[in-house]
Structure formats: C-alpha cells, structure tokens
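>>> Give me a model of this one.
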Amino acid sequence: MKKVIFCIIFLISTLSLVLINSLDSLDKKSLKNNIKYLEDNKISNIKTDENSTIIYKINKNNFVKIYPNTEIGINNGEIHLKYGILFFHDKIENKYDIATTFLLKNVWGKANYFRIKIPNSITTFNAVTKVNYLDQNLTITPTLNKLFTNENYTYYGFFIPYSPLWTDKKVEVYVELLNNKNTICKIKNSIDIESVVWQKQTIKFNETKSNELTNVDRKKYEKEKSDRYIIWNKNSENPLFKSNFSYPLQNYERVSSDFGLIREWTFSNGKVNSKDTHLGVDFPGIINGNIYAPADGIVKSAEANTEYLGNIIIIDHGHSLFTDYNHLNEMVVTVGQFVKKGEIIAKMGMTGAATGVHLHWSSRIYGVPVDPRTFLDIEDLFKDTDDLSKE
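As a prediction, the model looks like this:
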C-alpha cells in the first residue's frame, strides 16, 4: 500500500514538473535553481534565463507562458511580473511567439523605439502602456501604434524620448495587452540611459535684433507656445515615414549651433538677457536657400512672425513624431498639405531671434524635444526580424 501511495505522489510530482517546464529542456536541477518555494511548498518565485521558457499552471483552465529572461513573484495565486514577458492562455501548449525589441539610441537628447511583434491570430486587443522615467518621477502613456504587417505577425511600437533637459539614467517600460478586460500579455523592461556633458555657447545679438528681442510680446509668445504643444501632443497612428530621414538641406557645410548646447544670450549693450538649452540643430546658409522635407508628412503649422522663432513650419510624420523649421524667410507649403521626402517646403532666412541666416531644425515626440538627427537611421523599425537591438 505504501508503495502505491509513493508511486502516486511521485507521478503527481513528475506531472507538475512537466507542466511547469513543458516548453524547454531544463533538467530537474536547473529547474530547482530557478524556482523558489514558501514553507508550505508553494511556488513563490520563478526566474528564467536566456535559454529557458516555462509554462506555469495558474488554475485548472489557465496557464501563463514565462518567456526567457523573465522573473515573476507569486503571492496568494496572484502573479507579479518583475521583468520580462508573460503570455496568458487557456491551453498547456501555446505556440504564440511574441517578441520585443528596443531600437535607436539610449542617450540623453536622443530617442529609443520599443517594438513588439504580435501574432496575426490576436486580432482584437487594448493596450495599456507606461514609460516611467525613474529619476524624473515622470510617467508618459504613449499609444501603441501599428508599424507593419507580414504573413504571420503584426509589428507595433512607440518612441521613447530622452529630453536634454532631464537627467534620468534609467527608464522602465510596461505594456499590457487586454481582450475584454482579460490580460493577454504583460511586458516589463528597464533601459539604462547614457548621459551627455552639454557644451556651452554664447550668442551675441546686434543692436537691431537686441531691440527686437527686448520688445518681445511675452503674452503672444506664451499663446504661440501653448498652440505648438497642442499640435505636438497629438498622435497620428500611421507612420508616414517609411525609411530613414534625410537632412533638410542639400550639401550643408557645418552646424553653427548644436543640439543640447547651454546658451547665453548677450545683447549689443553687453547685458546677458537669458540662458537656455538649444533644442534643435542650426545650419547656416544663404538667404532663400531651399529647405526640404526630411521625410513624408503632413504640415500642421505654417505660421508667420512668431515671437523668437520667426516664420515656422511644423510637420507631422506619424507616431507622435514632429519636426520643426524656424527662422524661415518664406514658407511654400500650407497647413494640411501632404509633403513628400525631398520636397521643398521653405526658404532659409533669419526671422525671429537669429544672429544670421540659418535654419533651426528640431523634433518633438509627445512634445519632448529630441535631436532630429536621431531619425537619420531608423530603417531597422521596418525590418522583419527580432535581432536588431542597438546599444
């Protein structure tokens, strides 16, 4: 009788092991090292390495697939995702393949891109997204936008901006996919951000420009700024860009004021007017030199005689990505116009707070300033592979 009971217990134990570990080749020893138990022998923690995948039985009809490089805590039957990917389903065997990739740059003043590959069999879902800037104590909730579809999968994603005005060293990204309030998938990862030492620059204005800036209408400026943020904070679901951006000038020779410079404004009388961080890239040139659209987009603003910025154009490229063009002498596009990459949109000038003829080129994601040159190399966003991560 004792032998029968022992055999039954052994069989149950073996089945539990197979169920927990049905999709990988971990042996009992390595599995034991990845699972922690409470005193009552209930599982309290499961951790997978880069080569292991585990299926954990939640209850009779529900299972969770624990992807590689994932850790979860279990408390009173509730699963807490510490990091990695979880996929919830109602079958022991689950062949869905969800993959995530971080693209672009993890550097102050640049932008990253979070991309997720979802099987086409998952047709209906809502997404909860959070990007937590841990040092800044700030959370943004970007929209999970569709990038492209192939035969088996659809790729979605969103940009993660790193403002030069912030000092965050780490961000945490959380995504939850739900269908009728039931969780399909949870993703949680953190990213280290590389810091930058910003250089300093002094800007000297002549007497005419000094007088113009002394008499700036601050109330008008604040209204114009507020209107720009209304534009920048809108999201266009479809990516209008399909490849790398290009420079807005042909054969430019140099940059006169780089992105992120800490600048001191000095008037003709020697008085220091203000200090700011330069949130764009300045290219010197000739009056009425052609300025080109760096990528496909829709013109959202073409405003003349704004305070400080002069004549400006704002283009929406989709996925909450906008580029701006300031100090223009002439604008040759109108609001609502679709522009193609390489199309002439304006003529160079020195309207507004400008010491000489130049183009101020800048970009915003959810209103957050980032270096527009970040988008000169974004072709990986549209590549049909998962092995694309950039350091």
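
>>> Please name the residues that touch Asp97.
When contacts are counted by CB atoms under 8 Å, 6 or more residues apart in numbering, Asp97 touches 117, 119, 153. In short, each C-beta sits where N, CA and C put it, glycine included.

>>> ok, 10 Å please
By CB atoms under 10 Å, 6 or more residues apart in numbering, the contact set of Asp97 is 67, 87, 117-119, 152-153, 386.

>>> repeat for Leu86
Leu86 makes contact with 56, 64-67, 70, 72, 79, 98, 176, 183-188 under the criterion CB under 10 Å, 6+ apart.

>>> on that earlier part again, closest one of the contacts of Asp97 to Gln199?
Proximity of the contacts of Asp97 to Gln199 (CB to CB) peaks at Asp386, which lies at 37.4 Å.

>>> quick revisit: please produce a ChimeraX select command covering the buried subset of the contacts of Asp97.
Paste this into ChimeraX to select the buried members of these, with burial taken from 16 or more other CB atoms under 10 Å:
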select :67,87,117,118,153
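
>>> Determine which two of the contacts of Asp97 are furthest apart.
The most widely separated members of those, counting by CB to CB, are Tyr67 and Asn152 (17.9 Å).

>>> Name the secondary structure element that contains Asn132.
strand 126-133 (DSSP states H and E).

>>> what distance separates that strand from the centre of its chain?
11 Å (CA atoms, centre = their mean, to the nearest Å).

>>> helices or strands up against the helix or strand following that strand?
Going down the chain from strand 126-133, the next helix or strand is strand 138-140, by DSSP H and E. Contacts defined by 3 or more CB pairs under 10 Å, 6 or more residues apart in numbering; DSSP states H and E place strand 138-140 against strand 126-133, strand 153-161, strand 170-179.

>>> Buried residues, the first one. List them.
Spelled out, that is strand 126-133. The neighbour-count criterion (16+ other CB under 10 Å) identifies 127, 129, 131-133 as the buried residues of strand 126-133.

>>> hang on, the earlier thing: is it possible to export the helices and strands packed on strand 138-140 to JSON lines including mean pLDDT and distance to Gly289?
What follows is these, written out as JSON lines (pLDDT from 0 to 100; distance: least, CB to CB, whole Å):
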{"stretch": "strand 126-133", "mean pLDDT": "96", "distance to Gly289": "38"}
{"stretch": "strand 153-161", "mean pLDDT": "96", "distance to Gly289": "29"}
{"stretch": "strand 170-179", "mean pLDDT": "95", "distance to Gly289": "38"}
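
>>> Please name whichever of the ones you listed is nearest to Asp227.
It's strand 153-161; of those, that one is closest to Asp227 (CB to CB) at 20.4 Å.

>>> what about the strands in the stretch 101-250 of the chain?
Shown for the stretch 101-250 of the chain, the strands assigned by DSSP state E, counting those that start in this stretch span residues 111-119, 126-133, 138-140, 145-149, 153-161, 170-179, 182-192, 200-204.

>>> of all the contacts of Leu86, which comes closest to Lys36?
Lys36 lies nearest to Ile72 out of the contacts of Leu86, by CB to CB, at 10.7 Å.

>>> That closest one reaches Val64, doesn't it?
Yes - at 8.0 Å, Ile72 counts as touching Val64 under the criterion of CB atoms under 10 Å.

>>> about what we covered before: can you check which of the helices and strands packed on strand 138-140 gets nearest to Lys347?
Closest approach to Lys347 among those (CB to CB): strand 153-161, 29.6 Å.

>>> Run me through the strand neighbours of the closest one, direction for each.
Strand 153-161 has its sheet partners listed here by DSSP bridges as strand 111-119 (antiparallel), strand 145-149 (antiparallel).

>>> for the record, mean pLDDT for stretch 315-335?
In this model, stretch 315-335 has an average pLDDT of 97.

>>> Equivalent analysis for stretch 280-292, please.
97.

>>> cool, stretch 245-255 as well?
Averaging pLDDT along stretch 245-255 gives 92.

>>> could you pull out the helices for the stretch 151-300 of the chain?
Counting by DSSP state H, counting those that start in this stretch, the stretch 151-300 of the chain has these helices, from start to end: 207-214, 218-232.

>>> now the shortest one against strand 200-204, angle please.
With axes from the mean of the first three to the mean of the last three CA atoms, to 10 degrees as the basis, helix 207-214 and strand 200-204 are set at 110 degrees to each other.

>>> Could you give me the buried positions within helix 207-214?
Buried residues in helix 207-214 (16+ other CB under 10 Å): 209-210, 213.

>>> which one of those is nearest Glu224?
Distance ranking of the buried residues of helix 207-214 against Glu224, using CB to CB, places Leu213 first at 15.0 Å.

>>> shouldn't that closest one be in contact with Trp265?
Yes - applying CB under 10 Å, one finds Leu213 in contact with Trp265, separated by 7.8 Å.

>>> Which of the contacts of Leu86 ranks first by neighbour count?
Highest neighbour count within those, by other CB atoms under 10 Å: Ile66, with 28 neighbours.
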